[in-house]
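Visitor: 3D model of this:
(chains A and B)
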Amino acid sequence: MNKNEVHEANSVNSPNSKKLDIVIYGHSIAAFISALTIHNALADHVTLSLILPADQAHSDILYGGTSPPDAYNLHLAMDISEPELFQETNSSFSFGTHYQNWNGEKFDWVQAFSLPFTSQYGMDFHQVLLKHKQNLQAYLVGAQSALHDKFAHPPQNQPASPLSRAEYGYNFDYQNYALFLLSKIKQRKIRLIQSDLLEAKVVDEHITSLRLNDGSCIEADLFIDCSGTDARLMSTLGVKKRVHSKINLSLLTNENDTQMKPCNIVSGHVNAWQSTLYLQNSSQVLKAASFVDSAENSAKETSAENKNSANTIASISADIGAQEQAWVGNCVAISLSAAVLEPFSNAPFRLLKLDIERLLELIPISNNMRIEQKEYNRRYRLDVQHARLFNLALTDTRHFLQHEHSTKNQFLASDVDSDTQALLDRKLAQYLHRGLMVSYDYEPFNTEDWIILHFGMRRFPRRLDSLCDNIDNSDVKQHLLHTKNAIAAMVPKMPPCSLYTQKFLNYLKRQS
Amino acid sequence: MNQSSTNRIRKIVIAGGGTAGWMSAAALSSMLRPDDVQIVLVESEEIGTVGVGEATIPDIISFNRMLGIDEAEFLKATNATFKLGIEFSDWGKLGDKYFHPFGNHGADMNGIDFHQYWLHTRQAGNTNSLEEYSMCAVAAKSMKFALPNDNPRSLLSQIGYAYHFDATAYALFLRNYAQKRGVIRIEGRIDQVLLNEQTENISALVMQNNERVEGDFFLDCTGFKSKLLGETLGVPFHDWSKWLPCNSAQAVPSERRGKLLPYTKSMAKTAGWQWRIPTQHRTGNGHIYSTDFMDDQQATDILMQGLDAPALSDPRTLRFTTGCRDKFWHKNCLAIGLASGFLEPLESTSIFLIQQGISRFISLYPSLTPAPKVVEEYNRLMTREFHQVRDFIILHYKATQRTDSEFWRYCKNMLIPDSLQHKMELFQCAGRVFRDDHELFSTSSWVAVMLGQNIYPETADPMLLGVPIQNIEQSLQSMQRAMQQTSLQMPTHAEFIKNYAGSSV
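Guide: Prediction:
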């Protein structure tokens, strides 16, 4: 297609009568999930090809090997069941992330997944806990189970069971998980082109074709960049990326570790942290070190040490930041090709899911993709910004300082634009003032996530909601005690995570 | 962690009665103990109230529930009827008619909005309108009503409803409620508003009889005058007339005749629109118009010609400017209702905006010296609310094909806010609805108005292209049949009110 033809295509906004030709480029978790979900949702509307370079993008370690409860639905959208995931990979259950000695202030809590809190007192549950000076962790069955290495599936039809309030996600090995997804792709009618990119031809911010190293030339209506942090397609379109910080990451494995905790453990602080992940029969440690110019050498040395270790699976350096636009012309960048957040939370996987949902909702209907592009980029920017707020809140310790205004930003290691800073400040200030939860449009992390985070980071409001004075405290005390005791009594009776997983696998084996 | 007793608000003064004033008084009196906070409301019988609303949206139910008001008692006291939505006529084109129902259209399937399925079958020849798949619209057309059912399998669970009522009677009802809970009413006209020279906070109201009413915090419910926030504290007003050019209203009650409608009627006219709102004993009528395109006498003629029964009085004329204050809360003063801004009652949002103002204030209830962060958050949320409602109302004017008058040609060609332009373009593309988590109007509402006013997407969601059309058609047919069956079994609106509230209508 030459330049004139591109203009012509853009000026016509009539729906395509022919199938939309989509090409995904990348050997990555994002590429495989994109291919499977698009194939399942739009098989009759699109022809789908996947260009598969030889090696998996190492930037996949930037998912941190953790996924939130929503991963279950994402798998269903790919026709992948939980039993398949457990039988064919070494994935494990997770009730959340245990932050240990976090942030130099020695914060310690389990950022557990939870269903919405219920309150019978006409006011928010967290306000009631604050009023009675209660530790939220004692009321989170997921947190208590994680601390005791226990796991069981939350029951579906037993609302009286404390466990029914818990939610769980998965821990996964990025290579193992990618292989599993690739095997599913091979079972679908998705055209697989095993080759690498030599060059992308671009006219007027539109990719007209991709030249591959096997000599072939691939054209398409829509290109999806899933090449990871290299962003091979997006980089040809001249999109600006805003870089907040730089990071070195190494992933080490500890074979034959059978501890199987139903969470990952994150410790350290914003500039150097590590996450330990427990899988079936092994564990992995992701070590991260941020660097600015002066610290670059020492961070690289640490990284080099890890690289030389026999246990090291992968080491990479990455820019933490986001493309200003994730959809340019006829190219959409998904997940790490568009935005990279530090995986000390599960924000990267949440953004991956949001990217795919957004794309499916806005799949173009003609060659003029202006409207879809505009809406996609609007949502993308908000989603990335809102996910980043959570990560920033995980590292913001200003509430520990007396003169917060004079030392503003002291604890923020990365470059924060004024808009994001204002959104974060509003959230934190409103909470610290009187426990008010400020929320923005469709945040990736919900109110419960934020409340657990605030309690974990020991953010306590200066005053309570005035309505707290109107509730009958003796009743409330009794009810709180009952709730707490029910969890405390149930958790010891739950099976150890490793035993439960083993029995679950045995059961699946018998069933199959 | 509790605020100290010295930094507590001890006295709240509400300036102005009417719907806004008494809703505020009732809500605050239900939350605050009279021993802790004294609530005083100042109003004058001499000053008429605008009587905002009369038609409402479903959120009013939660407001009444919050106050613990018995629904049947409320219906009796305010001559209320039920409302299942709004019927719009002549908006897209002369002769057009569509229904904006409460509740959803059909049922979303496989994570895809119902209207996408309907669009898909329409392209294959389905001639049924979207509203034939709305339980509220189907019931409304048959003049039927029933309360929603808790069973999600029942089609009645899809019923969403609000009320039509006599707003003056509602204010009186809430006045009794509030006074029983310790609210003190002071009769008289406000002559002066005094400021504290140091803090520039309002310190007192001086009545015409020289009585001083002092307070820690003041609610401005003085209507369009905005005597406290606008006149005294000088908070500027943002004028949105370029997008919503109507600036006048004439209202007149008429006898109620014929079957009792369970919906509001909104009929587009030459330079505005006319409403018809049925209460139990009379029908409320009004004509909203722009004096830039029509004089008052013409407006009166149109209003009177549009009545379906004899008028009970002469029309009353009101002037207004559409827009809102730059801030809703400034210093120790919060404006509620018309004192904070005005958006024409095309989607019955006036009482909702009052309700939002009050409930936000309660959730951000301040100390004696309100923290700037609290005030800022309140203003942010209320500004967003006004902007979202504004955009939805502008949509009705912009999405017209009418060219039969200067007024409609202006609306058709006017520039609109970028936010709305984007929403319209997005819908036109493939029926996709702009996503906003906190928006009052749901996807279903946007879809009803856009399709009702002939914005038809070029195609349905591509995700449906692989689903066999016969399967979708079958689902839609059985859904439609079930709704008609359910409607047949429902009592008429009049019968329901008679049985439920004991009123004969």
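Visitor: phi first, then psi, for the residue of the stretch 101-250 of chain B found nearest chain A.
Guide: Residue of the stretch 101-250 of chain B nearest chain A, by CB to the nearest CB: B:Gly111 (8.6 Å). Just so you know, the C-beta spots here come from the backbone N, C-alpha and C atoms, and that holds for glycine as well. The phi/psi pair for B:Gly111 (degrees, to the nearest 10) reads phi 80, psi 10.
Visitor: tell me the pLDDT at it?
Guide: Note on B:Gly111: pLDDT of 79.
Visitor: try B:Arg435
Guide: On the pLDDT scale, B:Arg435 gets 69.
Visitor: repeat that for A:Asp293.
Guide: 52.
Visitor: ditto for A:His403
Guide: 45.
Visitor: how about the closest residue to B:Tyr263 other than its chain neighbours, what does it touch?
Guide: Beyond its immediate neighbours in the sequence, the residue positioned closest to B:Tyr263 (CB to CB, 6 or more residues apart in numbering or on different chains) is B:Ala140, lying 4.5 Å away. Neighbouring residues of B:Ala140 by CB atoms under 8 Å, 6 or more residues apart in numbering or on different chains: B:Leu84, B:Gly85, B:Glu87, B:Phe99, B:Pro101, B:Leu261, B:Pro262, B:Tyr263.
Visitor: assess the claim that the third one and B:Glu131 are in contact.
Guide: No. Applying CB atoms under 8 Å, one finds B:Glu87 not in contact with B:Glu131, separated by 9.5 Å.
Visitor: quick revisit: check the contacts of B:Ala140 and tell me the two furthest apart.
Guide: Based on CB to CB, the longest span within the contacts of B:Ala140 runs between B:Pro101 and B:Leu261 and measures 13.6 Å.
Visitor: and these two? Which one has more around it.
Guide: Using other CB atoms under 10 Å in any protein chain shown as the criterion, B:Pro101 and B:Leu261 rank with B:Pro101 on top: 29 against 22.
Visitor: and that one, what are its bridge partners?
Guide: B:Gly85 (DSSP bridges).
Visitor: cool, and B:Thr492?
Guide: Counting by DSSP bridges, the residues bridging with B:Thr492 are B:Lys144.
Visitor: next one: it from A:His479, what distance?
Guide: 45 Å (CB to CB, to the nearest Å).
Visitor: again with B:Asn176
Guide: According to CB to CB, B:Asn176 and A:His479 sit 35 Å apart.
Visitor: in the stretch 251-400 of chain A, what residue lies closest to chain B?
Guide: Closest point on the stretch 251-400 of chain A to chain B, by CB to the nearest CB, is A:Ile371, at 4.5 Å.
Visitor: near chain B, which residues of the stretch 301-450 of chain A?
Guide: Neighbours of chain B within the stretch 301-450 of chain A, by CB under 8 Å from any CB of the partner chain: A:360-363, A:365-366, A:371-372, A:374-375, A:378-379, A:426, A:429-430, A:433-434, A:436, A:438-442.
Visitor: which among those end up buried?
Guide: A:360-363, A:365-366, A:371-372, A:374-375, A:378-379, A:426, A:429-430, A:433-434, A:436, A:438 (16 or more other CB atoms under 10 Å in any protein chain shown).
Visitor: so of those, which ones are in strands?
Guide: Counting by DSSP state E, none of the members of these fall within strands.
Visitor: next, A:Ala200: secondary structure please.
Guide: Using DSSP: H, G, I helix; E, B strand; the rest coil, the structure places A:Ala200 in strand.
Visitor: what count of nearby residues applies to the residue nearest to it when sequence neighbours are not counted?
Guide: Of all residues not flanking A:Ala200 in the chain, A:Thr236 sits nearest, at 4.3 Å (CB to CB, 6+ apart). A count of nearby residues for A:Thr236, using other CB under 10 Å, gives 19.
Visitor: pretty sure A:Leu249 belongs to a helix, no?
Guide: No. Membership of A:Leu249 in a helix is not supported by three-state DSSP, which gives strand.
Visitor: do you know the pLDDT at B:Gly48?
Guide: Looking at B:Gly48, its pLDDT is 65.
Visitor: my error: substitute B:Lys327 in the last question.
Guide: 98.
Visitor: three-state assignment of it?
Guide: B:Lys327 ends up coil, using three-state DSSP.
Visitor: ditto for A:Thr253
Guide: Quick answer, by three-state DSSP: A:Thr253 is strand.
Visitor: that one touches A:Ala310, doesn't it?
Guide: No. A:Thr253 lies out of contact with A:Ala310 (CB under 8 Å); the separation is 9.6 Å.
Visitor: those two - which one has more neighbours?
Guide: Legend: neighbour count by other CB under 10 Å for A:Thr253 and A:Ala310, higher for A:Thr253 (20 against 6).
Visitor: so who does that one touch?
Guide: Taking CB under 8 Å, 6+ apart, we find A:Thr253 in contact with A:Ser282, A:Ser283, A:Gln284, A:Val285, A:Asn311, A:Thr312, A:Ile313.
Visitor: for it, give me the pLDDT.
Guide: For A:Thr253, the pLDDT comes out at 95.
Visitor: equivalent analysis for A:Lys189, please.
Guide: Value for A:Lys189, per-residue pLDDT: 88.
Visitor: contacting residues for it?
Guide: Neighbour list for A:Lys189: A:His39, A:Ala43 [criterion: CB under 8 Å, 6+ apart].
Visitor: centre of the chain to the helix or strand hosting B:Ala169, how far?
Guide: Element membership of B:Ala169 [criterion: DSSP states H and E] is helix B:167-180. Put simply, helix B:167-180 sits 19 Å off its chain's centre (CA atoms, centre = their mean, to the nearest Å).
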